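Novice: I would like to see how this sequence folds:
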Amino acid sequence: MNKLCSLQEAIQQWVHDRDCLYAAGFTHLIPFAAGHEIIRQGRRDLCLARATPDLIYEQMVAAGCAKKLIFSYSGNPGVGSLHMVREELEKGSLEWEEYSHFGMITRLQAGAAGLPFMPMNQTAAGDLERANPQYRRVKDPYSDGEVVVLPALRPDVAIVHVQRADARGNAQIWGIIGEQKEAAFAAQHVIITAEEIVDEAVIRSDPNRTLIPDFIVDAVCHVPYCAHPSYTQGYYDRDNEFYLAWDKISETRQGIEAYLDEWVYGTRDRADYVTKLGTATLERLKVAPRWSAPVNYGAY
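Specialist: Alright, predicted model coming up:
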């Protein structure tokens, strides 16, 4: 089945007010374009789950999209605090749950496996156990010890950005692999955004790169530069200048609102956003080719 559609159509059909949303991607492949489209469409009361909220969720919080955050690290990577998120948390106007990185992944793994929880060894995160009542300890049935458990996380929607996908939704990722597979299998619905849409034969030529299979995908959207200001391995670099600039932009609500007015509400879609970025920025973010060695899958 051909699942190609515009990002606007995918968000309109699959993301609704009060949904639990998981925007996947670790370091790279962060679906900023999808976050911007959710802002444009005015979604409200979302529960935003993500291992690292990053700038994408700060922008959505500032736009009034979020009721709650579920996360395992909150910050502008390599720079400092997410000013607006911190302000909303301290005011008590944003609900939140905090976990360790491994705790978040364990929750997704349980959701993906259809299990109520998965056990973890005890860690040094004693403060999280005291602060978050979702942390529980149960007896290990094979010893006299205890294990830590957390409830499964089953988002209503997962949005996953990938390097390439076919029209059916078979999606391939390379470079740093985060929690994309777990989030996709745990979610009720999956939206794929891709730098490239390729023929099914390209996907079949290297099946081991296919992290997400078509049968769990609801929509496939061709969105080049979807991840800016983060990066997509092999396509464009991380815009470190923007992350530094955001620290200043986000110091005041007026600064964030001005950014949203210009770069989100003031653009029709990601293509318009990319045009606004300009050729100088795109040239600065170009990456030199670095091809992997070919793999011989043999004949059978």
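
Novice: and the residue nearest to K276 when sequence neighbours are not counted, what does it touch?
Specialist: Of all residues not flanking K276 in the chain, T267 sits nearest, at 6.0 Å (C-beta to C-beta, 6 or more residues apart in numbering). For glycine as for every other residue, the C-beta is placed from the backbone atoms N, C-alpha and C. With contacts defined as C-beta atoms under 8 Å, 6 or more residues apart in numbering, T267 is in contact with H36, Y273, K276.

Novice: Which secondary structure state is assigned to T267?
Specialist: coil (DSSP: H, G, I helix; E, B strand; the rest coil).

Novice: Roughly how far does it sit from Y231?
Specialist: Going from T267 to Y231 by C-beta to C-beta, to the nearest Å gives 20 Å.

Novice: for M104, same thing?
Specialist: M104 is 22 Å from Y231, by C-beta to C-beta.

Novice: before we move on, what about A271?
Specialist: 19 Å.

Novice: Tell me which of the two has more neighbours.
Specialist: Counted by other C-beta atoms under 10 Å, A271 and Y231 do not tie: Y231 has more neighbours, with 22 against 15.

Novice: Thought F26 was touching that one, still the case?
Specialist: No - look at Y231 against F26 with C-beta atoms under 8 Å: they stay out of range, at 11.7 Å.

Novice: How many neighbouring residues does the nearest residue to D140 once chain neighbours are set aside have?
Specialist: Nearest residue to D140, sequence neighbours excluded (C-beta to C-beta, 6+ apart): V147, at 5.3 Å. Other residues within reach of V147, judged by other C-beta under 10 Å, total 17.

Novice: Tell me the helices and strands packed up against the longest helix seen in the chain.
Specialist: Secondary structure of the chain per DSSP state H: the longest helix is helix 101-113. Under the contact criterion of 3 or more C-beta pairs under 8 Å, 6 or more residues apart in numbering; DSSP states H and E, helix 101-113 touches strand 117-120, strand 146-151, helix 180-186.

Novice: Quick check: which of the ones you listed is nearest to Y297?
Specialist: Taking C-beta to C-beta, helix 180-186 is the member of the helices and strands packed on helix 101-113 nearest to Y297, at 21.2 Å.

Novice: how about the helix or strand just after that closest one: buried residues?
Specialist: Next along the chain after helix 180-186, taking DSSP states H and E as the criterion, comes strand 189-197. For strand 189-197, burial by neighbour count (16 or more other C-beta atoms under 10 Å) applies to H189, V190, I191, I192, T193, A194, E195, I197.

Novice: Find the nearest non-adjacent residue to V149, please.
Specialist: Closest to V149 by C-beta to C-beta, 6+ apart is F117, at 4.2 Å.

Novice: Apologies, that question was intended for D54.
Specialist: I30 (6.1 Å).

Novice: hang on, that neighbour in a strand?
Specialist: No - counting by three-state DSSP, I30 falls outside a strand, being coil.

Novice: What separates the first and last residues of stretch 87-95, distance-wise?
Specialist: The first residue of stretch 87-95 is 12 Å away from its last residue (C-alpha to C-alpha, to the nearest Å).

Novice: which other residues reach it?
Specialist: Counting by C-beta under 8 Å, 6+ apart, V61, A66, K67, K68, L69, V85, W96 sit against stretch 87-95.

Novice: Just the closest of the residues you listed to P77, please.
Specialist: Closest to P77, out of all of the contacts of stretch 87-95 and judged by C-beta to C-beta, is V85, at 13.4 Å.

Novice: Next, the buried residues of the host helix or strand of that closest one.
Specialist: Following DSSP H and E, the helix or strand that holds V85 is helix 83-91. Under the neighbour-count criterion of 16+ other C-beta under 10 Å, helix 83-91 has H83, M84, V85, R86, E87, E88, L89 buried.

Novice: do stretch 211-221 as well
Specialist: L211, I212, P213, D214, I216, V217, D218, A219, V220, C221.

Novice: Any buried residues in stretch 272-292, and which?
Specialist: Buried, per 16+ other C-beta under 10 Å, within stretch 272-292: Y273, V274, L277, T281, L285.

Novice: Now tell me which helix or strand of the protein has the poorest mean pLDDT.
Specialist: Least confident helix or strand, the chain: helix 126-131 with a mean of 85, by mean pLDDT, DSSP states H and E.

Novice: Contacts for that helix, please.
Specialist: Residues contacting helix 126-131 (C-beta under 8 Å, 6+ apart): E98, Y99, S100, G103, Y135, R137, V148.
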